[in-house]
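Student: Pasting a predicted model and its sequence here:
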Amino acid sequence: MSISAFMRIASGMVLAQELMTLTPPLNDVEPTDIHLLTGMLDTMTDHVFLLRVEGERYRLVYCNEAMERFMNPTQESFCGRFLDDIVPDPGAYQQVADNYARARAVGHVIRYEESTEGFDAAPLTFFETTISPLVARDGNTVYICGISRDITARRSAELALKQTNERLAQQLAENHRLHEILHEEAIRDPLTNLFNRRYFLESLNREMNLAQRERHPVTLMMLDIDHFKKLNDQHGHVVGDQVLVEFSERLKEGMRKADVVCRWGGEEFLIMMPGLSQEDAYRRMLEWREINSPMVFKVADQRLTIRFSSGLATAPQNGVTADELITATDKALYLAKEAGRDQVKLSG
Ligand SMILES: Nc1nc2c(ncn2[C@@H]2O[C@H](COP(=O)(O)OP(=O)(O)OP(=O)(O)O)[C@@H](O)[C@H]2O)c(=O)[nH]1
């Protein structure tokens with residue numbers, strides 16, 4: 001007979017003796033029942049153990065073969081040792097002891113997850129453990145019996161799944177961010193960051209339909225920097241670009257949130273003002289001009305002064321489609337240019 005087989009039989013006998021000599025007795029248990037039981041327990045892959053309660057300490061009096069092999073590969077004597085000796089790490093021991101105290105307090109089976117972190121000579125493994133207090137007739141808990149199932153593989157799979165999910169969530173957020181950037185780039189003019197022509201036309205068509213249904217006005221205003229070619233010729237294209245950027249900023253600052261400000265092309269800007277009558281839009285434009293015309297910039301140590309012309313047209317009186325309204329606005333702007341520039345003209 002091998003040493004380990006002998007030890008298993010001895011362990012069964014120890015358990016039988018343990019349970020039979022209890023005062024007061026645990027139950028009407030026969031030694032043959034115990035041998036049968038330990039034989040069965042040794043066929044299990046789960047860890048089965050029995051701890052005797054000795055004051056505040058727990059002494060391991062039985063563990064099945066699977067647990068013995070796992071915890072004690074050197075085959076040194078394992079049963080009979082106190083738990084605080086088997087689990088030397090105070091934090092890890094406290095966790096185990098807390099669970100036992102909880103089971104003793106509630107007086108029935110409890111289940112929890114634990115790991116071998118802080119255990120002596122055991123590889124890091126995760127267990128799902130079920131323990132039960134065995135209570136003697138006098139009401140005292142004399143044993144804690146338990147069964148631990150190795151859930152390391154499940155835990156690893158769960159962890160891998162969690163990590164995969166986190167990665168996917170990150171990827172999704174990144175895709176969303178890129179999508180937003182692409183969308184922004186698709187609707188904005190790269191130099192001035194104002195809305196581009198395509199976005200403006202989409203918005204205007206939508207707004208015109210809504211305005212028709214709800215019977216509210218939509219006013220368009222077109223602005224064009226006067227003699228911009230001259231500015232470019234005198235100061236260079238780069239300075240011209242800076243003027244366009246600065247002019248766009250001031251334009252945005254002066255408009256309402258609901259207004260759509262667009263770079264229509266070159267040095268031409270188009271603004272949609274939903275719900276604003278021509279009179280109100282005109283008044284606002286004059287107020288804005290008071291502050292901003294002439295517009296003075298300091299670009300590359302030079303003081304530049306620009307002036308601009310604008311035209312206003314309002315739906316429905318100057319046009320009921322987007323095309324009609326833009327044409328009317330363009331004509332009003334042309335009138336302003338024809339009249340000597342640096343002014344606002346109304347359509348019709
Ligand atoms: N710097 C710069 N210049 C531009 C840009 N787009 C168009 N332009 C210039 O804007 C100028 C527009 O000139 P014109 O259409 O003759 O208009 P203008 O000189 O402002 O004359 P009026 O509008 O009649 O007052 C041209 O010289 C274009 O090259 C741009 O993105 N950057």
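Tutor: Ah, there it is. Since we're looking at a predicted model, the values are computed, not measured.
Student: Tell me which residue in the stretch 51-200 of the chain sits closest to the ligand.
Tutor: Of all residues in the stretch 51-200 of the chain, the one sitting closest to the ligand is residue 191 (5.7 Å; CB to the nearest ligand atom). Just so you know, the C-beta spots here come from the backbone N, C-alpha and C atoms, and that holds for glycine as well.
Student: Let's verify that residue: helix, strand, or coil?
Tutor: coil (DSSP: H, G, I helix; E, B strand; the rest coil).
Student: got the contact list for it?
Tutor: 241, 244, 245, 263 (CB atoms under 8 Å, 6 or more residues apart in numbering).
Student: what separates it from residue 263, distance-wise?
Tutor: Note on residue 191: its distance to residue 263, by CB to CB, to the nearest Å, is 7 Å.
Student: what residues do the two have in common as contacts?
Tutor: Joint contacts of residue 191 and residue 263 (CB under 8 Å, 6+ apart) are residue 244.
Student: Tell me how far the residue in the stretch 201-348 of the chain that the ligand sits nearest to lies from residue 227.
Tutor: The minimum distance from the stretch 201-348 of the chain to the ligand, using CB to the nearest ligand atom, falls at residue 240 (2.6 Å). According to CB to CB, residue 240 and residue 227 sit 11 Å apart.
Student: likewise residue 181?
Tutor: Counting by CB to CB, the gap from residue 181 to residue 227 is 36 Å.
Student: residues touching residue 216, list them.
Tutor: Contacts of residue 216 by CB under 8 Å, 6+ apart are 274, 275.
Student: Sticking with it, tell me its helix or strand.
Tutor: Assigned by DSSP states H and E, residue 216 belongs to neither a helix nor a strand.
Student: Test for you: state the pLDDT assigned to it.
Tutor: Model confidence at residue 216, expressed as pLDDT, equals 95.
Student: And it, its phi and psi?
Tutor: With angles defined as degrees, to the nearest 10, residue 216 sits at phi -120, psi 150.
Student: Spell out which parts of the chain neighbour the ligand.
Tutor: 191, 224-229, 232, 237, 240-241, 244, 266-267, 337, 341 (CB under 6 Å from any ligand atom).
Student: Mark which of those are buried, thanks.
Tutor: Among these, the ones that count as buried by 16 or more other CB atoms under 10 Å are 224, 225, 226, 228, 232, 240, 244, 267, 337.
Student: which among the residues of the chain next to the ligand gets closest to residue 330?
Tutor: residue 224 (9.7 Å; CB to CB).
Student: what's the burial count for residue 61?
Tutor: 20 (other CB atoms under 10 Å).
Student: separation between it and residue 131?
Tutor: 15 Å.
Student: Could you tell me which residues make contact with residue 320?
Tutor: With contact taken as CB under 8 Å, 6+ apart, residue 320 is in contact with 208, 212.
Student: That one: what secondary structure?
Tutor: coil.
Student: Can you check the pLDDT for it?
Tutor: Residue 320 is given a pLDDT of 93.
Student: just the one 3 residues further on next, same as before
Tutor: Residue 323 is assigned 96 on the pLDDT scale.
Student: And what about it, helix, strand or coil?
Tutor: Residue 323 - assigned by three-state DSSP - is helix.
Student: rewinding a little: quick one: which of the contacts of residue 191 sit in helices?
Tutor: 241, 244, 245 (DSSP state H).
Student: Now residue 130: which helix or strand?
Tutor: Residue 130 is part of strand 126-135, with elements assigned from DSSP H and E.
Student: which of the residues in that strand are buried?
Tutor: So, applying 16+ other CB under 10 Å, buried residues of strand 126-135: 126, 127, 128, 129, 130, 131, 132, 133, 134.
Student: Residue 244 reaches residue 265, doesn't it?
Tutor: No: contact criterion CB atoms under 8 Å: residue 244 and residue 265 do not qualify, at 11.3 Å.
Student: Quick check: which ranges of the stretch 1-150 of the chain have low pLDDT?
Tutor: For the stretch 1-150 of the chain, the stretches flagged by pLDDT under 70 are 1-33, 72-77, 120-122.
Student: sorry, back to before: parallel or antiparallel, list what pairs with the helix or strand just after the strand holding residue 130.
Tutor: Using DSSP H and E, the next helix or strand after strand 126-135 towards the C-terminus is strand 141-150. Using DSSP bridges, the strands paired with strand 141-150 are strand 47-54 (antiparallel), strand 126-135 (antiparallel).
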